[in-house]
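K.L.:
with the sequence up front, the predicted model follows.
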Amino acid sequence: MAKLARKEREYRTRRAEIITAAERVFSAKGFDKTTMEEIAREAEFAEGTLYNFFKGKIDLYLSLIEEKSEELLGYLHKQVSKAVGAGEKIRCLIKAQMGFFDKNRNFFKIFVRERNSFEWMAQKDRTKRLSKVYQTYIDFVARTIKDDLKRGEFRNLNPRETAYALAGLLNSFVCRWPKSSKKERLFDQAPFLTEIFLKGVQKSR
């Protein structure tokens with residue numbers, strides 16, 4: 001692969017610096033209270049420079065979510081591809097996702113805080129981009145479940161509906177996590193979540 005031109009390298013580097021600074025500010029203050037001026041100050045750029053990379057605060061916020069979600073999916077794919085055996089793909093997926101959340105606390109604090117906001121979801125352009133991110137994730141989880149179904153390791157369930165069920169279970173823990181102790185790790189909850197998802201709560205007979 002040819003090396004990137006100097007201007008392109010500089011563009012990508014500056015854009016990444018802005019994204020990182022925005023993550024810190026959005027995490028600390030929330031979407032509504034954050035300004036482009038504050039993000040520029042955190043990134044050590046002039047405010048006008050930010051508009052060379054993003055249309056405005058909404059575009060910057062959504063770009064942050066999209067890029068971090070792509071990073072998550074890439075990590076999950078890499079980890080899950082190593083798994084073999086009954087239910088191992090699901091176990092690996094849960095462990096990998098919880099571990100990623102632990103390492104990216106600022107980002108998921110942002111996502112959880114804003115995603116239930118009525119004002120936020122009422123904006124169609126925002127909702128469309130967030131929905132695309134979520135559906136890409138669901139597609140990946142559904143494919144993972146389908147792989148195990150093909151090997152006869154699960155009951156004959158609809159992979160996509162099952163993916164939504166798993167996502168709901170994981171989301172419930174993510175939502176409460178920012179309010180929990182800073183010492184608590186989501187990764188430590190992975191065995192419990194896996195047990196609940198794969199075996200349910202009913203006593204064996």
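P.N.:
Good, I have the coordinates.
K.L.:
who are the packing partners of the stretch of helix or strand residue 166 belongs to?
P.N.:
Per DSSP states H and E: residue 166 is located in helix 159-176. Here helix 159-176 touches helix 88-103, helix 105-115, helix 124-150, helix 190-199, going by 3 or more Cβ pairs under 8 Å, 6 or more residues apart in numbering; DSSP states H and E. All C-beta atoms are positioned from the backbone trio N, CA, C, and that covers glycine.
K.L.:
that helix vs helix 190-199, what angle?
P.N.:
Calculated by axes from the mean of the first three to the mean of the last three Cα atoms, to 10 degrees, helix 159-176 forms an angle of 150 degrees with helix 190-199.
K.L.:
for the record, mean pLDDT for stretch 184-196?
P.N.:
For stretch 184-196, mean pLDDT rounds to 87.
K.L.:
give me the contacts around it.
P.N.:
The contact list for stretch 184-196 (Cβ atoms under 8 Å, 6 or more residues apart in numbering) reads 87, 90-91, 94-95, 98-99, 101-102, 169-170, 173-174, 177.
K.L.:
same check on stretch 11-20?
P.N.:
4, 39, 43, 45, 49, 50, 53, 54, 60, 63, 64, 67.
K.L.:
of those, select the buried ones using a PyMOL command.
P.N.:
Here is the PyMOL selection string for the buried members of these, based on 16 or more other Cβ atoms under 10 Å:
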select buried, resi 39+43+45+50+53+54+60+63+64+67
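K.L.:
before we move on, back to that, quick check: angle from the helix holding residue 166 to helix 124-150?
P.N.:
Using the same axes, to 10 degrees: helix 159-176 against helix 124-150 is 120 degrees.
K.L.:
pop out the phi and psi values for residue 51.
P.N.:
phi -80, psi -10 (degrees, to the nearest 10).
K.L.:
quick check, pLDDT for residue 14.
P.N.:
Taking residue 14 on its own, its pLDDT is 95.
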